[in-house]
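1. Quick one, fold the following:
(chains A and B)
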Amino acid sequence: MIRIDIRKKLMTAEGKRELSVSLEIEKGEFTTLFGKSGAGKTTLLRIIAGLTEPDEGILTVNGETWIDTAKDISLPAKKRKTGFVFQDYALFPNMSVKENLEFACEKQDDRRKVDELMEMMSLAELKDRKPGQLSGGQQQRVALARALIRNPEVLLLDEPLSALDHETRQKLQNEIINLHKYFSPTVIMVSHDIGEVYKLSKKVFCLEEGLITKSGTPSEVFNNKKMRGRFQLMGEVLEIVPSDIVFEVSLLIGNHFTRVLATEDEVKDLQAGDRVFLLSKAFNPILIKTN
Amino acid sequence: MELDLQPLLLTFKLATISSLLLLLLGTIIACWLANGRGKIYLTGEILVALPLILPPSVLGFYLLLLFSPESLTGQIIESLTGLRLLFSFEGLIAASVIATLPFMVFPVKSGIENLPVSLREASATLGKSTFTTSLRVLLPNIKPSLLAGFVLSFAHVVGEFGVVLMIGGGIPGETKVASIALYDEVEALNYGTAHFYALGLFTVTFLVLVFVYFYNKRSLLKGF
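-> Alright, predicted model coming up:
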């Protein structure tokens, strides 16, 4: 169980604001911090890892106090059992894949885990390569494996898949699910991709301007009653073109392109780049197997 | 014309020993400076930078006072190490190291600072100390900066004049390095011998800089 209750002044592009967060996370749970950039998600992750100091507050992880500003306690980053996957992966360029993983070992036991993790994440063939010779997805796998070597109590993922293409993303999401099943660490992931949140996490905390505005399971957080349709997809508006009395709206759903008709009322607040739900109430969509 | 090779040999002996010492000391100081923020670090950085701007004679004068057997510091150094630094080769090494510190510290420090911060942070989250992080993550990734610092230090010690004159006094075979020998020869109007020393120093310093530029360009091309 992780208990967080902290405050920190943030300097964001839109000026000063305060990060003020109080939440509890069950042991072994896959949790997501969801929100726009500048909301304080990464700062919160960094505070948990010990890379940023909060102004005040408490953090306990499985009964152990990591931060208690009132008692002047702040465990240094190296003493906290966390695994941190950085947005830029932060692999050590001077070390091979295997050496990156071995660097993380603290006990002799961990060395066996190096081979095990390399096998699990299909890195065995790449073990002698340097990070510069790997693709983005491969680098991400190494970063994940490295973060898991020490059996962290908390695995912190800072937008781990944001720099990858759609296909690699999907594949890595599945791998993350498997790793979580196998090692069952408590995971806190930062993401602003609703699809990813749905697929990976059990619990979501929505962070807006430094405060938690909503929390619950992904469907509790992202669905509201008005939208409960028969089926719904999440997409991005690409273009809105008037066509006679209606409007033709081009949407990108996942990596598929589609076009729907909309009334003036519907497109009133819409512009290219907006995230929208595409849902249907009256008709039953038809499913046709393609493979 | 009698050519005495000893001053040139002494210069290169001094430069080699000093820059090897600097490689160790300068790197430690650079790691320390690159790891922190605050008044202590700022003061440290200013002290290291001083020899860049201070006239060498000023630095030499203060070192003269510090190293003097009459002074408290001179006596402490002598009782601790048994060395009398004034007008001795060991004293030249100590003075050269202090005067050349910025040439080693700053390239290494900026090399470390140009590395992504996340490398240091990743190492910390993997439970590693600042020392382990510096030794195994930071320094191996800034080899060009280490080399640049070492070579620039070597070249700077070769070119040292004011400080070595004040501290060493130009004793033949002990502290009379090539730059001082050159000055003496010019004073005595022995232009032939002066040319010999000048050309020797010029050639070595030129080659050293060519090497630094060549190496850095090549390693940039490798995408280091």
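2. From residue B:9, how far off is the residue lying farthest from the centre of chain A?
-> For chain A, the largest distance from the centre (C-alpha atoms, centre = their mean) belongs to residue A:244, which lies 42.2 Å off. Separation of residue A:244 from residue B:9 (C-beta to C-beta, to the nearest Å): 94 Å. (Glycine included, C-beta is placed from N, CA and C.)
3. Spell out for me which residue occupies the centre of chain B.
-> residue B:100 (3.2 Å).
4. picking that back up, for residue A:143, see how far away the residue farthest from the centre of chain A is.
-> 52 Å.
5. Then residue A:30?
-> 18 Å.
6. Next: residue A:190.
-> 14 Å.
7. List of residues touching the helix or strand harbouring residue A:65?
-> Using DSSP states H and E, residue A:65 sits within strand A:64-68. In this structure, residues lying in contact with strand A:64-68 by C-beta atoms under 8 Å, 6 or more residues apart in numbering or on different chains are A:6, A:47-48, A:50, A:54, A:57-60, A:71, A:73-75, A:80.
8. Between which two of those is the distance greatest?
-> A:48 and A:71 (18.1 Å; C-beta to C-beta).
9. Looking at those two, which is more packed in?
-> Between residue A:48 and residue A:71, counted using other C-beta atoms under 10 Å in any protein chain shown, residue A:48 has the larger neighbour count: 24 against 9.
10. For that one, report the pLDDT, please.
-> Per-residue confidence (pLDDT) for residue A:48: 96.
11. so it, which of the three states?
-> Three-state call for residue A:48 (DSSP: H, G, I helix; E, B strand; the rest coil): helix.
12. Assess the claim that it and residue A:154 are in contact.
-> Yes. Using C-beta atoms under 8 Å, residue A:48 is in contact with residue A:154, at 6.4 Å.
13. Alpha carbons of stretch A:156-164, as PDB, please.
-> As requested, the backbone C-alpha atoms of stretch A:156-164 are provided in PDB (Å, rounded to 0.1, in the frame of the first residue of the first chain):
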ATOM      1  CA  LEU A 156       7.300   4.200 -12.100                       C
ATOM      2  CA  LEU A 157       6.700   4.600 -15.800                       C
ATOM      3  CA  ASP A 158       6.900   8.100 -17.200                       C
ATOM      4  CA  GLU A 159       5.000   8.100 -20.500                       C
ATOM      5  CA  PRO A 160       6.900   4.900 -21.400                       C
ATOM      6  CA  LEU A 161       5.400   4.400 -24.800                       C
ATOM      7  CA  SER A 162       4.900   8.000 -26.000                       C
ATOM      8  CA  ALA A 163       7.800   8.000 -28.500                       C
ATOM      9  CA  LEU A 164       6.900   4.800 -30.200                       C
END
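14. How far does that stretch sit from its chain's centre?
-> Using C-alpha atoms, centre = their mean, to the nearest Å, the mean C-alpha position of stretch A:156-164 is found 6 Å from that of the whole chain.
15. Buried residues of it, list them for me.
-> For stretch A:156-164, burial by neighbour count (16 or more other C-beta atoms under 10 Å in any protein chain shown) applies to A:156, A:157, A:158, A:159, A:160, A:161, A:164.
16. what's residue 201 in contact with, if anything?
-> Unless you meant another one, I'm taking chain A. With C-beta under 8 Å, 6+ apart, residue A:201 has these contacts: A:30, A:31, A:32, A:187, A:189, A:218.
17. should've been chain B
-> Applying C-beta under 8 Å, 6+ apart, the residues contacting residue B:201 are B:8, B:11, B:158, B:159, B:178, B:179, B:182.
18. so where's the stretch 101-250 of chain A shaky on pLDDT?
-> Across the stretch 101-250 of chain A, the ranges flagged by pLDDT under 70 are A:224-230.
19. Chain neighbours aside, what residue packs nearest to the closest residue to chain B within it?
-> Proximity to chain B, evaluated over the stretch 101-250 of chain A using C-beta to the nearest C-beta, is greatest for residue A:104 at 4.6 Å. Excluding its sequence neighbours, the residue lying closest to residue A:104 (C-beta to C-beta, 6 or more residues apart in numbering or on different chains) is residue A:149, at 4.1 Å.
20. Look up how far residue A:108 lies from that neighbour.
-> 13 Å.
21. give me phi/psi at residue A:262?
-> Backbone torsions of residue A:262, given as degrees, to the nearest 10, read phi -140, psi 150.
22. Local confidence estimate at it?
-> 88.
23. In the host helix or strand of residue A:146, which residues are buried?
-> Using DSSP H and E, the secondary-structure element containing residue A:146 is helix A:136-148. Across helix A:136-148, burial judged by 16+ other C-beta under 10 Å covers A:137, A:138, A:139, A:140, A:141, A:142, A:143, A:144, A:145, A:146, A:147, A:148.
24. Rebuild those residues as CSV, extending it with distance to residue A:251.
-> Output for the buried residues of helix A:136-148, formatted as CSV (distance: C-beta to C-beta, whole Å):
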residue, distance to residue A:251
A:137, 27
A:138, 32
A:139, 32
A:140, 28
A:141, 32
A:142, 35
A:143, 33
A:144, 32
A:145, 37
A:146, 38
A:147, 36
A:148, 37
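25. Considering these, which is situated nearest to residue B:215?
-> Of the buried residues of helix A:136-148, the one sitting nearest to residue B:215 (C-beta to C-beta) turns out to be residue A:139, at 28.2 Å.
26. Give me the common contacts of residue A:48 and residue A:154.
-> Both residue A:48 and residue A:154 are in contact with A:2, A:82, A:188, where contact means C-beta under 8 Å, 6+ apart.
27. Quick one, which of these are buried?
-> For those, buried by 16+ other C-beta under 10 Å: A:2, A:82, A:188.
28. Turn the residues you listed into a markdown table, including distance to chain B and secondary structure.
-> Shown next, in a markdown table, are these (distance: C-beta to the nearest C-beta, whole Å; DSSP: H, G, I helix; E, B strand; the rest coil):
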| residue | distance to chain B | secondary structure |
| --- | --- | --- |
| A:2 | 16 | strand |
| A:82 | 5 | strand |
| A:188 | 13 | strand |
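29. residues from chain B in reach of chain A?
-> Within chain B, the positions adjacent to chain A are B:116, B:118-119, B:121-129, B:136-137, B:140-141, B:223 by C-beta under 8 Å from any C-beta of the partner chain.
30. mind listing which of those residues are in helices?
-> B:118, B:119, B:121, B:122, B:123, B:124, B:125 (DSSP state H).
31. about what we covered before: contacting residues around the residue nearest to residue A:104?
-> A:83, A:101, A:104, A:105, A:110, A:113, A:114, A:117, B:126.
32. What separation do you get for it and residue B:124?
-> From residue A:149 over to residue B:124 (counting by C-beta to C-beta), the distance is 15 Å.
33. And for residue B:106?
-> 25 Å.
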